[in-house]
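J.: structure, please.
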Amino acid sequence: MEKLTSIHGRAYPLGLKNVDTDVIIPAQYLKTITRAGIGKGAFETIRAEPGNVFDDPEYSGSPILIAGDNFGCGSSREHAAWALNDLGIKAVLAPSFSDIFSGNAFKNGIATIVLPQEAIDRLLDVARTDAITVDLDTQTVTTPFQDRIAFAMDPFRRKCLMQGLDEIGLTLAMGEDLGRYERRVAEERPWLAA
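T.: Numbers count the residues shown, from 1 in each chain. Okay, here's the model as predicted:
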């Protein structure tokens, strides 16, 4: 997993409430077992509307998505996080998230940042014209207009994102400890080490 410490760039100013995982990635895209290319189906129903933010060249490749309350509700499909990743989104800012979506996003290297509605409203305004920065190290979202919005984040998730550690990476990082344990067990209980 890629290390995620600071995300800077334009943000998709979506702002919609209750965007469920079926809106993020419709069911017909769930047949794939690969993550590559799944972003082409992301937000298909929103993209069907003329003038949507996802097809506006001004926001193309934005690493940040600003959403409304209850983002990622609905089914538990991990494909929603895969689709966001394939779009290049590294952080989603919203007043609240579905727990399952937030967990899937974290496991796929996407920061879910909870901010009060007033902060979301301000960032939606800024995102229409300027870039913003999400800094996991200082736990702040900043704008070129001197806005500095603090956010809280689970320390374990923050550490994993900043160090680029997914579940496999966490296990590999404990390689020496696991090796010592296995050697000790082999010495103390050789009948188990067959």
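
J.: for Ser96, grab the count of nearby residues.
T.: Neighbour count of Ser96, defined by other C-beta atoms under 10 Å: 18. From N, CA and C alone the C-beta is placed, and that goes for glycine too.

J.: next one: Leu65 relative to Phe145, how far apart?
T.: Computed as C-beta to C-beta, to the nearest Å, the Leu65 to Phe145 distance reads 20 Å.

J.: just Gln163 next, same as before
T.: The gap separating Gln163 from Phe145 is 31 Å, by C-beta to C-beta.

J.: ok, the residue positioned nearest the centre of the chain - contacts?
T.: The centroid of the chain falls nearest to Ile110 when counting by C-alpha atoms, centre = their mean (2.0 Å). By C-beta atoms under 8 Å, 6 or more residues apart in numbering, the residues touching Ile110 are 81, 84-85, 89-92.

J.: quick revisit: tell me which of Gln163 and Phe145 has more neighbours.
T.: In this view Gln163 and Phe145 are compared by other C-beta under 10 Å, and Gln163 has more residues nearby, 14 against 11.

J.: name the nearest residue to that one, ignoring sequence neighbours.
T.: Lys3 (6.4 Å; C-beta to C-beta, 6 or more residues apart in numbering).

J.: just confirm that neighbour is within a helix.
T.: No. Under DSSP: H, G, I helix; E, B strand; the rest coil, Lys3 falls outside any helix and is assigned coil.

J.: so of the contacts of Ile110, which ones are in strands?
T.: 91-92 (DSSP state E).

J.: and which of the contacts of Ile110 is nearest Phe151?
T.: Nearest to Phe151 among the contacts of Ile110, counting by C-beta to C-beta, is Ala91 at 10.4 Å.

J.: show me what contacts that closest one?
T.: By C-beta under 8 Å, 6+ apart, the contact set of Ala91 is 4, 7, 63-65, 110-113, 134.

J.: would you map the helices across this protein?
T.: For the chain, applying DSSP state H gives helices covering 21-24, 44-47, 79-87, 99-107, 117-127, 155-163, 167-173, 175-188.

J.: hang on, isn't the residue nearest to Gln163 packed against Asp166?
T.: No. Using C-beta atoms under 8 Å, Lys3 makes no contact with Asp166, being 11.4 Å away.

J.: what about these two, which has more around it?
T.: Neighbours were counted for Lys3 and for Asp166 using other C-beta under 10 Å; Asp166 has more, 16 against 12.

J.: pretty sure the more buried one contacts Glu2?
T.: No. Using C-beta under 8 Å, Asp166 is not in contact with Glu2, being 10.0 Å away.

J.: so what sits against both of the two?
T.: Residues touching both Asp166 and Glu2 (C-beta under 8 Å, 6+ apart) are Gly109.

J.: would you mind giving the domain segments of the chain?
T.: Using automatic domain parsing, the domain ranges for the chain come out as 6-163, 166-194.
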